[in-house]
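next one to model:
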Amino acid sequence: MPMRLSLRLLAAVTATTALAFVTAPSAPAAPTAGRPGLAVGPQYDTTHVYVTPGAMDSFVSSWEATFGGTNTPQVLADVTPTPSLTKSELVLSPVGTLSVFDYQTPVPYPFGAERTGWLVTDLDRGVRKAEADGANTVVAPFADPIGRDAIVQFPGGIYAQLYWHTKAPSYPALASVPENRLYLPSGAIRSFLHSYLGFTGGTVVSDDNHAPGAELGLPGTSYRRIRISSPFGDTSVAVTDGHLPYPFGRESTGYAVSDLAATLAKARAAGATVLWGPYASPRRDSAMVQFPGDYIAEIHDGGSRS
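Reported below is the predicted structural model:
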């Protein structure tokens, strides 16, 4: 049997098993009232986590011990338009939803560069709107075992995956909305904002030209910080010269918690490493944490978003 066909058959069988746990059998996903019709809800916007080979179980266990939540059974599937094979698992936590991948084959380009997967009500319309708003389609729509996907790139080199499910998923509401964390050069910010705000229907919550550089491990400096809210969730944009100490820029998502100190204690006990912080700024306390599987996340208390 050709490799492509055998992988697709395996994907169809295993993904069908997972669907029984994560999807509702009726009623298509509906947009939030009064919002643009593409977005469904922030609990359906997943951070894509590519763990180091063999680390999926330890990552999921550490994450759930830190934040709580549940996960779907692992499946083996081909989720790219060219032959590949990955273990895949969905983590539903109160602070955000994660799609976790442990590839058993080399990861086809450009997969792994996308930061998030955004559920849309109409994939083709989503791709057309992204292009109309200045984004590029870098992976044209393709079928996966449970729906369809595409990858778009916003100005500044920001990749996002758009996806649509054959059967509408039903995930619980989040306790806090995660924050997509982007780092961009000043020359890209105007075109990025035009494209990103146009597609997401977002609004700028704050734009601080003198945010404290200590938030990025650079005390005594300042940087421009833009915070955005949209039907696809929250976004924090750091406009910098790229002179960033490790691990800043390696994180894709920030997670809000009610008690940062207690959360960090849980993370350490669950095998995670605090790489930086906690740092107390006028607006929030934050830290950078590396979980098993080398996933780096920013964690902050649920203070002001300004």
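
low pLDDT regions in this structure?
The model of the chain has pLDDT under 70 over residues 1-36, 303-306.

can you show me the helices along it?
In the chain, the segments counted as helices under DSSP state H are 3-22, 56-67, 123-132, 189-200, 260-269.

helices or strands next to the last one in the packing?
Contact analysis of helix 260-269 by 3 or more CB pairs under 8 Å, 6 or more residues apart in numbering; DSSP states H and E lists helix 56-67, strand 273-280, strand 285-291, strand 295-301 as its packing neighbours. Yep, even glycine has a C-beta here, placed from its N, CA and C like the rest.

pick the most buried one from these.
Most buried of these, by mean neighbour count (mean count of other CB atoms under 10 Å): strand 295-301, with a mean of 24.

could you list the paired strands of it along with their orientation?
Counting by DSSP bridges, the strands paired with strand 295-301 are strand 253-257 (parallel), strand 285-291 (antiparallel).

make JSON lines out of these and add distance to Gly126.
Formatted as JSON lines, the strands paired with strand 295-301 follow (distance: least, CB to CB, whole Å):
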{"stretch": "strand 253-257", "distance to Gly126": "21"}
{"stretch": "strand 285-291", "distance to Gly126": "30"}
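
looking at those strands, which is nearest to Val79?
Between Val79 and those, the tightest spacing by CB to CB is seen for strand 253-257, at 19.8 Å.

can you mark which positions in that closest one are buried?
253-257 (16 or more other CB atoms under 10 Å).

ok, stretch 263-272 next?
By neighbour count with 16+ other CB under 10 Å, stretch 263-272 contains the buried residues 263-264, 266-267, 270, 272.

same question for stretch 213-223.
213, 215-218, 223.

export the residues you listed as JSON lines, with columns for distance to Gly242.
As requested, those are arranged in JSON lines below (distance: CB to CB, whole Å):
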{"residue": "Gly213", "distance to Gly242": "13"}
{"residue": "Glu215", "distance to Gly242": "16"}
{"residue": "Leu216", "distance to Gly242": "11"}
{"residue": "Gly217", "distance to Gly242": "13"}
{"residue": "Leu218", "distance to Gly242": "12"}
{"residue": "Tyr223", "distance to Gly242": "11"}
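
about what we covered before: Thr82 is nearest to which of the helices and strands packed on helix 260-269?
helix 56-67 (22.1 Å).

measure the spatially most central residue of the chain to Asp57 for me?
Nearest residue to the geometric centre of the chain (CA atoms, centre = their mean): Thr47, 2.2 Å. Thr47 is 18 Å from Asp57, where distance means CB to CB, to the nearest Å.

got the contact list for the nearest residue to the residue nearest to the centre of the chain once chain neighbours are set aside?
Closest residue in space to Thr47, ignoring its immediate chain neighbours: Thr253 at 4.6 Å, by CB to CB, 6 or more residues apart in numbering. With contact set as CB atoms under 8 Å, 6 or more residues apart in numbering, Thr253 has these partners: 47, 96, 115-116, 178-181, 297-298.

what do you get for Tyr163?
Contact analysis of Tyr163 by CB under 8 Å, 6+ apart lists 117-120, 123, 144, 147-150.

change it to 10 Å
Shown in contact with Tyr163 (CB atoms under 10 Å, 6 or more residues apart in numbering): 44-46, 79, 99, 117-120, 123, 126, 141, 144, 146-151, 169.

what is the closest residue to Trp276 other than its chain neighbours paired to in the beta sheet?
The spatial neighbour of Trp276 that comes closest, neighbours along the chain excluded (CB to CB, 6+ apart), is Met288 at 4.2 Å. In this entry, Met288 is beta-bridged to Trp276, Glu298, by DSSP bridges.

doesn't Arg250 make contact with Met288?
Yes. Contact criterion CB atoms under 10 Å: Met288 and Arg250 qualify, at 8.3 Å.
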